[in-house]
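Participant: Okay, structure incoming, though there's no sequence with it:
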């Protein structure tokens, strides 16, 4: 739990003919995290060639199938399972087969969609013309006479009543007539007539105002309502028939689209993987990481797939110079218990731990819940959070991690609510088993500072471990954030505690002297210790240029003082734990005062109850969010800043899954 799953490096050499089959087997096993040999910083013979052309083609085929399925409303299944033998061996041939199967399906469905859209468009045009004709006929206009006047320019259309004056002003001084054909409304049907010579003036004026023109058809059949009704009815019948045929065609094409999508996406997946490979003559070189416990299983599977014609080498990360130089990163795979997995995502917001450092998930989860409970302690609010988390956990599996976080946060808030004796802010029902944030403020402030000292100290200890594992042992012992700096921080913290805390509760003098002895011993024996460590690590890194002793001591002293001052600033930041606990308790006091004021009004009983319910809901949402942000801020800046190195790479094996986190190669 404190370290990631051990990884080993696997290098596979296989003939070009067996490359596709081996790639298929790698995807079926779902264990190998590929290293990009073709484009990365690891020296190889260079990338292969065919996949560079085939990969865009298969991506295009997959997108075409997805567009068809989306337009047809067909859900495509997830890409999972295993690959049948032989599938994906000849992707160039598979590309041609897919193209020959997708193109006719596209053409048939597209033609049916176009025909249905055309029928719908004809019906809509006929119905629109029919609507205008009936409005004009109800006004008593003889369209046979007004269709093509000889000396007039006549326009029919709709115009807002308030713009008729504007249209008249634009037409003046030419003679004109504006005739409303129906009662004035937001869109009044009007007829506008001017002399034939003033046609251009009329068109310009209609463009300026909100005039929606209605064209009067010249063909008498286009002005026949019965004919338009017949056309609309026939077009709608044709549209319905085409829609039924399209549904039948889509249902018949559903399995084909699912299969085509699966094959196209498998091609994309395999070609993405092969784009990571390197070629060396007639051989293909594959590099990747696999969990140590599964390495032998993976090796046997690849040898069986290639008929024993593959060379599989397994190496430990410590034996690879590329790992120590930083050119090759070991991917990170966590196997934390279910209750800790949601915290991995919160850590991921800050960064991905490197392979060699202590995994902080357990420390992060414990400190997160401790600080959340201290700041948000209330039995009622905790139970509400727990219930909300349980409902998400039970009924919305997509947000499972959020449900677990809410349940754990609610449990922490409930436990501290029991210690505070607070139930929805009421402190008279239950006795305080520990203390009250408002009544025991000095004690709570000391608790917050003590919590800060504990987390800062834990961060320094973890930094010593991480630095030692990274081979920087001299820095782990004598660095400002190493063992020497940690003891310096503890000595000053003990002196401050002895000066500020009551004498009966302060630290004994012998403990302070003991804390002071360790850094003095380290300082006295620094040179022989450093010389011994340099002998052990001289073969791993070049010797550093020598600097004068007095200058090194001066630089180290300044850096140490600056670092210890920053440690105390980090410690003081934890006072916000006490501050937000008091804010939470003070908000209850304000809410009860508001409810008491409302209860004195007429019909104030229901109003006060409503205020209490609404106030608690607002507090749970707003204060819960604020407290969570503050806890994350303390974790990221005051705790993680002491030891977290980051720069890790999540473990993403090549596998038949649609999930980007597990199946897509990046």
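Facilitator: That came in fine, so what should we check first? Please read all numbers here as calculations on a predicted model, not as lab measurements. Numbers count the residues shown, from 1 in each chain.
Participant: isn't residue 342 right up against residue 399?
Facilitator: No: the criterion here is CB atoms under 8 Å, and residue 342 misses it with residue 399 at 10.2 Å. Every C-beta, even on glycine, is put in place using the N, C-alpha and C of the backbone.
Participant: can you pull out the helices in the stretch 251-400 of the chain?
Facilitator: In the stretch 251-400 of the chain, the helices defined using DSSP state H, counting those that start in this stretch lie at 295-305, 321-325, 341-350, 361-375, 379-395, 400-420.
Participant: meant to ask about the stretch 101-250 of the chain
Facilitator: So, for the stretch 101-250 of the chain - with DSSP H, counting those that start in this stretch - the helices run 143-146, 164-171, 199-208, 225-274.
Participant: can you put these in TSV and add mean neighbour count and distance to residue 574?
Facilitator: Shown next, in TSV, are those (neighbours: other CB atoms under 10 Å; distance: least, CB to CB, whole Å):
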stretch	mean neighbour count	distance to residue 574
helix 143-146	12	86
helix 164-171	16	70
helix 199-208	15	69
helix 225-274	17	47
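Participant: export those helices to JSON lines and tack on mean pLDDT and distance to residue 451?
Facilitator: JSON lines is the format used below for these (pLDDT from 0 to 100; distance: least, CB to CB, whole Å):
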{"stretch": "helix 143-146", "mean pLDDT": "62", "distance to residue 451": "88"}
{"stretch": "helix 164-171", "mean pLDDT": "88", "distance to residue 451": "74"}
{"stretch": "helix 199-208", "mean pLDDT": "88", "distance to residue 451": "73"}
{"stretch": "helix 225-274", "mean pLDDT": "87", "distance to residue 451": "48"}
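Participant: Ok, which of these comes nearest residue 442?
Facilitator: Residue 442 lies closest to helix 225-274 among the helices of the stretch 101-250 of the chain, at 61.6 Å (CB to CB).
Participant: returning to that earlier point: check the helices of the stretch 251-400 of the chain for me: which has the lowest mean pLDDT.
Facilitator: Lowest mean pLDDT of the helices of the stretch 251-400 of the chain: helix 321-325, a mean of 85.
Participant: Please give the centre-to-centre distance between it and its chain.
Facilitator: Remark: helix 321-325 is offset 31 Å from the chain centroid, using CA atoms, centre = their mean, to the nearest Å.
Participant: Go through that helix and flag the buried ones.
Facilitator: 322, 323 (16 or more other CB atoms under 10 Å).
Participant: cool, stretch 344-360 as well?
Facilitator: Residues of stretch 344-360 classed as buried: 344, 346-347, 350, 352-360 (neighbour count, 16+ other CB under 10 Å).
Participant: got a list of contacts for it?
Facilitator: Residues outside stretch 344-360 that contact it (CB atoms under 8 Å, 6 or more residues apart in numbering) are 1-4, 7, 317, 329-332, 334, 336, 361, 364, 368, 401, 462, 465-466, 469-470, 632, 636, 640, 643-650.
Participant: from the chain's centre, how far out does it sit?
Facilitator: Worked out by CA atoms, centre = their mean, stretch 344-360 lies 17 Å from the chain centre.
Participant: try stretch 421-431
Facilitator: Counting by CA atoms, centre = their mean, stretch 421-431 comes out at 39 Å from the chain centroid.
Participant: in the protein, which spans are strands?
Facilitator: Secondary structure of the chain, counting by DSSP state E: strands at 7-15, 33-34, 152-159, 176-180, 188-195, 212-214, 278-280, 283-291, 311-315, 331-332, 649-650.
Participant: want to throw the helices of the stretch 251-400 of the chain into CSV with distance to residue 508?
Facilitator: What follows is those, written out as CSV (distance: least, CB to CB, whole Å):
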stretch, distance to residue 508
helix 295-305, 54
helix 321-325, 46
helix 341-350, 37
helix 361-375, 27
helix 379-395, 38
helix 400-420, 29
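Participant: closest one to residue 591 among the helices of the stretch 101-250 of the chain?
Facilitator: Across the helices of the stretch 101-250 of the chain, closest to residue 591 is helix 225-274 (CB to CB), at 54.9 Å.
Participant: low pLDDT regions in the stretch 501-650 of the chain?
Facilitator: 502-507, 520, 522-527, 530, 533-558, 560 (pLDDT under 70).
Participant: So which residues of it form helices?
Facilitator: For the stretch 501-650 of the chain, applying DSSP H, counting those that start in this stretch gives helices covering 509-524, 526-537, 549-573, 575-599, 604-618, 624-633, 641-643.
Participant: Please convert the ones you listed to a markdown table, extending it with distance to residue 197 and mean neighbour count.
Facilitator: Listed next are the helices of the stretch 501-650 of the chain as a markdown table, based on distance: least, CB to CB, whole Å; neighbours: other CB atoms under 10 Å:
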| stretch | distance to residue 197 | mean neighbour count |
| --- | --- | --- |
| helix 509-524 | 106 | 13 |
| helix 526-537 | 101 | 13 |
| helix 549-573 | 85 | 14 |
| helix 575-599 | 77 | 17 |
| helix 604-618 | 72 | 14 |
| helix 624-633 | 72 | 17 |
| helix 641-643 | 84 | 20 |
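Participant: a markdown table please, covering the strands of the chain and showing distance to residue 53 and mean neighbour count.
Facilitator: Shown next, in a markdown table, are the strands of the chain (distance: least, CB to CB, whole Å; neighbours: other CB under 10 Å):
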| stretch | distance to residue 53 | mean neighbour count |
| --- | --- | --- |
| strand 7-15 | 21 | 20 |
| strand 33-34 | 20 | 23 |
| strand 152-159 | 58 | 19 |
| strand 176-180 | 68 | 15 |
| strand 188-195 | 62 | 20 |
| strand 212-214 | 54 | 15 |
| strand 278-280 | 15 | 17 |
| strand 283-291 | 17 | 23 |
| strand 311-315 | 28 | 14 |
| strand 331-332 | 29 | 21 |
| strand 649-650 | 29 | 16 |
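Participant: picking that back up, I'd like the helices of the stretch 101-250 of the chain written out as CSV, with distance to residue 127 added.
Facilitator: What follows is the helices of the stretch 101-250 of the chain, written out as CSV (distance: least, CB to CB, whole Å):
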stretch, distance to residue 127
helix 143-146, 18
helix 164-171, 28
helix 199-208, 24
helix 225-274, 5
